[in-house]
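Peer 1: attaching a predicted model along with its sequence, questions to come.
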Amino acid sequence: MYSMQAVIRKNISNTSLQYERLGYIANNFANYNTTAYKTNRFEQILREDGYVDGAIRCNALQGDIRISKNPYDIAIDGAGYIPVVSADGEVQYTRDGSFKKGEGGYLMTLDDWMVGDGIKLPANSYKFEIKPNGDVYNYDYSEAQPQLIGHIPLVEFDSPESLEIGHNNKVVPTAESGEPRLIGEHGFLAQHQIEQSNTNVFDEVNEMLRLNASMIASLNLMKVADDMYNKAINIRE
């Protein structure tokens, strides 16, 4: 048997969680056009005490891949993440393969994180080629023999759904996701291609409509409980 205060308190807590869910949906909408963005879900769990709790889960499914004319664009057509390193030495992981030639000629993300252990493109490079297994070859001129200049590694996690959001479209491992493991022989990398967001607009709209109805019901219940509480006080007076 719950007191009136307990009913109001539980509804406030549950409504706050609904607003938090709404924030994640809004974030998914905002990143619909972000390269390789992974939709985040707020999963609700009803506890035994009547309160609603939740956890963040990442939808790790691959997004659609489109053709790009940019040789610095790389799509991961399969499982895995590319490790990238900040100027401070911090390591995070990404599927966003929209890279560039950065300071010193190194292959970098658009926000200046170094790809892998550092792949330096020669200043006089005619062109470079990224093989499906991650090997990077440089050509000094059109008829030159290719020279291996580096390798783009791929890692995987036991539970990619449990990865946490990192810096600017990157992820960081958690205890639930497990530590990164290097993927050995593979053919997952595709140059001149780019992965798109896996956000499904129709699913997000449907979720938003359901969430809106749930929040309205919770607010109405709080109003009813508040009215009953006020009437009970007036009766005592």
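Peer 2: Ah, there it is. Numbers count the residues shown, from 1 in each chain.

Peer 1: next, residue 83: secondary structure please.
Peer 2: Secondary structure, DSSP: H, G, I helix; E, B strand; the rest coil: residue 83 is strand.

Peer 1: not counting residues beside it along the chain, what's closest to the residue positioned nearest the centre of the chain?
Peer 2: Taking C-alpha atoms, centre = their mean, the centroid of the chain lies closest to residue 38, which sits 3.9 Å from it. Of all residues not flanking residue 38 in the chain, residue 58 sits nearest, at 5.1 Å (C-beta to C-beta, 6 or more residues apart in numbering). Any C-beta I mention is one placed from the backbone N, CA and C, and that applies to glycine too.

Peer 1: pretty sure the residue nearest to the centre of the chain is touching residue 59, no?
Peer 2: Yes: between residue 38 and residue 59 there is a contact under C-beta atoms under 8 Å: 5.6 Å.

Peer 1: shared neighbours of these two, anything?
Peer 2: residue 198 (C-beta atoms under 8 Å, 6 or more residues apart in numbering).

Peer 1: for residue 17, see how far away the residue nearest to residue 38 is.
Peer 2: To residue 17, residue 58 is 19 Å away according to C-beta to C-beta, to the nearest Å.

Peer 1: ditto for residue 69
Peer 2: 45 Å.

Peer 1: show me which of those two is the more surrounded one.
Peer 2: residue 17 (16 against 6; other C-beta atoms under 10 Å).

Peer 1: how far is the longest helix anywhere in the chain from where the chain is centred?
Peer 2: As assigned by DSSP state H, the longest helix anywhere in the chain is helix 201-236. Offset of helix 201-236 from its chain centre (C-alpha atoms, centre = their mean, to the nearest Å): 31 Å.

Peer 1: and stretch 152-162, by the same measure?
Peer 2: With C-alpha atoms, centre = their mean, you get 12 Å for stretch 152-162.

Peer 1: what's the answer for stretch 83-101, then?
Peer 2: Mean-position distance between stretch 83-101 and its chain equals 14 Å (C-alpha atoms, centre = their mean).

Peer 1: got a list of contacts for it?
Peer 2: Counting by C-beta under 8 Å, 6+ apart, 34-38, 70, 72-76, 80-82, 107-110, 112-116, 118, 121, 153, 155, 163, 166-167, 169-173, 180, 189, 194-195 sit against stretch 83-101.

Peer 1: quick revisit: for the residue nearest to the centre of the chain, which three-state class applies?
Peer 2: coil.
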